[in-house]
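Colleague: here is the input, now give the coordinates:
(chains A and B)
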Protein chains: 2
Amino acid sequence: MKTIKTISDMREARRDILDSVGLVPTMGYLHEGHLELVRSSRRENKYTVVSIFVNPTQFGPAEDFDRYPRDYPRDLALLEREKTDLVFIPSPDEIYQADYNTWVEVKKVTDRLEGAIRPGHFRGVTTIVSKLFNIIKPSRAYFGQKDAQQCVVIQKMIRDLNIDLEMVVVPTVRESDGLAMSSRNVYLSAEERKQAPILYKALSTAHVMWSEGERDSQRLRQAMTEIIQQNSSGKIDYISVASKLTLDEIEEAHPPAIISLAVKFGNTRLIDNIIFE
Amino acid sequence: MKTIKTISDMREARRDILDSVGLVPTMGYLHEGHLELVRSSRRENKYTVVSIFVNPTQFGPAEDFDRYPRDYPRDLALLEREKTDLVFIPSPDEIYQADYNTWVEVKKVTDRLEGAIRPGHFRGVTTIVSKLFNIIKPSRAYFGQKDAQQCVVIQKMIRDLNIDLEMVVVPTVRESDGLAMSSRNVYLSAEERKQAPILYKALSTAHVMWSEGERDSQRLRQAMTEIIQQNSSGKIDYISVASKLTLDEIEEAHPPAIISLAVKFGNTRLIDNIIFE
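Modeller: Numbering: from 1, shown residues only, chains lettered A, B, ... in the order given. Predicted structure coming up:
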């Protein structure tokens, strides 16, 4: 496994690869969710590149950029075990020069949900992903379904800007009690961690109701709200019932639909979602 | 010479080209300035692609998108004569789908000069150029020095977004009386056309003053203002003395500097510039 820190070295390494390249962009502190992305890439491409970069421009000024968990030696050991071919792990100065000032922005679909609560977040995401695409030139890029809105936004960027690659969305990997894997789960106190699977429990209940014919978004939302409020101390940021393609809110949950939610435990925001199709 | 109208056909044609590709992005209604770009590309690349696309997103609502001059048969004949390999000439619907909503934007350097007078103009330019780069994947891209701010903005976008190509800026081509070639010159009345070389006369005077040691921006601007006001009916939008690299206004015209100006004759805005280095 090769580890590369500079853009010019990455470009040089890329020039020697004539086969298909899969890219797994990450912010490090890897968990099984990331490793599933790596395995998907390994199955579908000759060569797999993982980037590790905690991207400052997708964090708001009051957010957790500084305390975002980092453990590069552990990340590299995990990626080595997965037979990753190349890890691109640049410094912030390598990626953003002092007078950096160019932004890639998807409008409208970024106004709601995570975008409404985290202004500027998706502009940071689409900008760094564009840069990584230009540096690494992957044939395919892998993202986790857990960040549902991110997937919709990046897919739209790829289509709108005519970026020539295939985006692959990999299902959410969960702990045995249903909690979606996330680097931020490490922030949870023991008590919060015990309550956190309530997100998945609420989503699963909505799924059962839906399977039994319930289509009314209001009733689905209501049931989920009650489950979370009655069984945890979590504060609901939003519960959204939306078209899976546009993320427009829908009154009737006809497929393909997505229910997504964000719940705060103390200072830790957890997100999760489930697809109806 | 091959003419291609769809993105998918363009991608397919591009896949077959393993040699260097030069791209000359144009809005058509070609003149000698464009043809010089084509010749530069032909000298430096095995394969030359010219795009013709009057890009709606770089025109303001009150600007001349609808009446912008178009003559595709003549353009194709000129390009054929220059031995252009491929012309990409898509429709607006092919480039911008109905729900199109992704933008590439360079900040700050786009706030002044043309950007101040034409809000949103450069966002349209950087977005279409990004799309053309992603579709055509050129090794080199050719732009004319006449659009000086556009050159600085695109160069910054390329650097900031790590776009892997070389940008080539080709000197302005002029009519025998000094008027910079522009598709918009066709808007000029006979009387305006007679006065229009005053832009170049003012720039040349500033250049002589500079060669003789004048560095004071205020005095250079003053001399140019007087020449234009005393010898034409042109209304000055701006005369800028700026750093060539950042386009920041400078009080002393130390090299590399650029003097650029915009002058209106009736409804027709002409721009021109000269470099001091």
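Colleague: can you check the pLDDT for the residue nearest the centre of chain A?
Modeller: The residue lying closest to the centre of chain A (CA atoms, centre = their mean) is A:Asp147, at 3.5 Å. pLDDT recorded at A:Asp147 is 97.
Colleague: can you name every helix or strand that the helix or strand containing A:Thr3 contacts?
Modeller: A:Thr3 belongs to strand A:2-4 when elements are defined using DSSP states H and E. Other helices and strands packing on strand A:2-4, by 3 or more CB pairs under 8 Å, 6 or more residues apart in numbering or on different chains; DSSP states H and E, are helix A:7-15, strand A:86-88. For the C-beta atoms, the positions are set from N, CA and C on the backbone; glycine is no exception.
Colleague: please identify the most buried of these.
Modeller: strand A:86-88 (a mean of 23; mean count of other CB atoms under 10 Å in any protein chain shown).
Colleague: give the buried residues for the helix or strand following it.
Modeller: Using DSSP H and E, the helix or strand that directly follows strand A:86-88 along the chain is helix A:92-95. Burial within helix A:92-95, assessed by neighbour count using 16 or more other CB atoms under 10 Å in any protein chain shown, is assigned to A:Ile95.
Colleague: quick one: residues in contact with helix A:92-95.
Modeller: A:Lys5, A:Thr6, A:Ile7, A:Phe53, A:Asn55, A:Pro56, A:Ile128, A:Lys131 (CB atoms under 8 Å, 6 or more residues apart in numbering or on different chains).
Colleague: looking at these, which is nearest chain B?
Modeller: Ranked by distance to chain B (CB to the nearest CB), the contacts of helix A:92-95 are led by A:Lys131 at 5.1 Å.
Colleague: what residues are up against that closest one?
Modeller: Each residue near A:Lys131 by CB under 8 Å, 6+ apart is listed here: A:Ile95, B:Leu161, B:Asn162.
Colleague: now do A:Gln97
Modeller: B:Arg159, B:Asp160 are the contacts of A:Gln97 under CB under 8 Å, 6+ apart.
Colleague: tell me where the stretch 151-277 of chain A has helices.
Modeller: Secondary structure of the stretch 151-277 of chain A, counting by DSSP state H, counting those that start in this stretch: helices at A:190-195, A:198-211, A:217-231.
Colleague: any idea which of those helices is most buried?
Modeller: Using mean count of other CB under 10 Å, helix A:198-211 ranks as the most buried of those, with a mean of 19.
Colleague: need the residues that contact it.
Modeller: Residues from elsewhere that reach helix A:198-211 (CB under 8 Å, 6+ apart): A:174, A:177-180, A:219-220, A:223-224, A:227-228, A:231-232, A:234, A:239, A:253, A:259, A:261, A:263, A:270-274, A:276.
Colleague: within range of chain B, give me the residues from the stretch 1-150 of chain A.
Modeller: Residues of the stretch 1-150 of chain A lying near chain B by CB under 8 Å from any CB of the partner chain: A:7, A:11, A:97, A:100-109, A:126-127, A:130-131, A:134-135, A:137.
Colleague: restricted to helices, list these.
Modeller: Among these, the subset assigned to helices under DSSP state H consists of A:Ile7, A:Arg11, A:Thr126, A:Thr127, A:Ser130, A:Lys131, A:Asn134, A:Ile135.
Colleague: mind giving me JSON lines with the contacts of A:Lys131 and columns for pLDDT?
Modeller: Below are the contacts of A:Lys131 laid out as JSON lines (pLDDT from 0 to 100):
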{"residue": "A:Ile95", "pLDDT": "98"}
{"residue": "B:Leu161", "pLDDT": "98"}
{"residue": "B:Asn162", "pLDDT": "98"}
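Colleague: adjacent strands (with direction) for the strand holding A:Thr3?
Modeller: Counting by DSSP bridges, the strands paired with strand A:2-4 are strand A:86-88 (parallel).
Colleague: same question for the partner strand, mean pLDDT?
Modeller: 98.
Colleague: same question for stretch A:32-40.
Modeller: Mean predicted confidence for stretch A:32-40 is 98.
Colleague: now do the end-to-end distance for stretch A:166-179.
Modeller: 28 Å (CA to CA, to the nearest Å).
Colleague: got the buried residues for that stretch?
Modeller: Neighbour-count burial for stretch A:166-179 flags A:Met167, A:Val168, A:Val169, A:Val170, A:Thr172, A:Val173, A:Arg174, A:Glu175, A:Leu179 (criterion: 16+ other CB under 10 Å).
Colleague: residues touching the residue of the stretch 151-277 of chain A found nearest chain B, list them.
Modeller: Of all residues in the stretch 151-277 of chain A, A:Asp160 sits closest to chain B, at 3.5 Å by CB to the nearest CB. Applying CB under 8 Å, 6+ apart, we find A:Asp160 in contact with A:Val106, B:Gln97, B:Tyr100, B:Asn101, B:Thr102.
Colleague: hey, where'd the strands end up in the stretch 51-200 of chain A?
Modeller: Listed in chain order, the strands of the stretch 51-200 of chain A (DSSP state E, counting those that start in this stretch) span A:86-88, A:102-106, A:140-144, A:166-170.
Colleague: in the contacts of helix A:92-95, find the pair that's most separated.
Modeller: A:Thr6 and A:Pro56 (18.1 Å; CB to CB).
Colleague: rewinding a little: widest-spaced pair of the ones in helices among the residues of the stretch 1-150 of chain A next to chain B?
Modeller: Across these (CB to CB), the longest gap, 21.4 Å, separates A:Arg11 and A:Thr126.
Colleague: sorry, back to before: JSON lines for the strands of the stretch 51-200 of chain A, including distance to A:Tyr47?
Modeller: JSON lines is the format used below for the strands of the stretch 51-200 of chain A (distance: least, CB to CB, whole Å):
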{"stretch": "strand A:86-88", "distance to A:Tyr47": "7"}
{"stretch": "strand A:102-106", "distance to A:Tyr47": "25"}
{"stretch": "strand A:140-144", "distance to A:Tyr47": "11"}
{"stretch": "strand A:166-170", "distance to A:Tyr47": "15"}
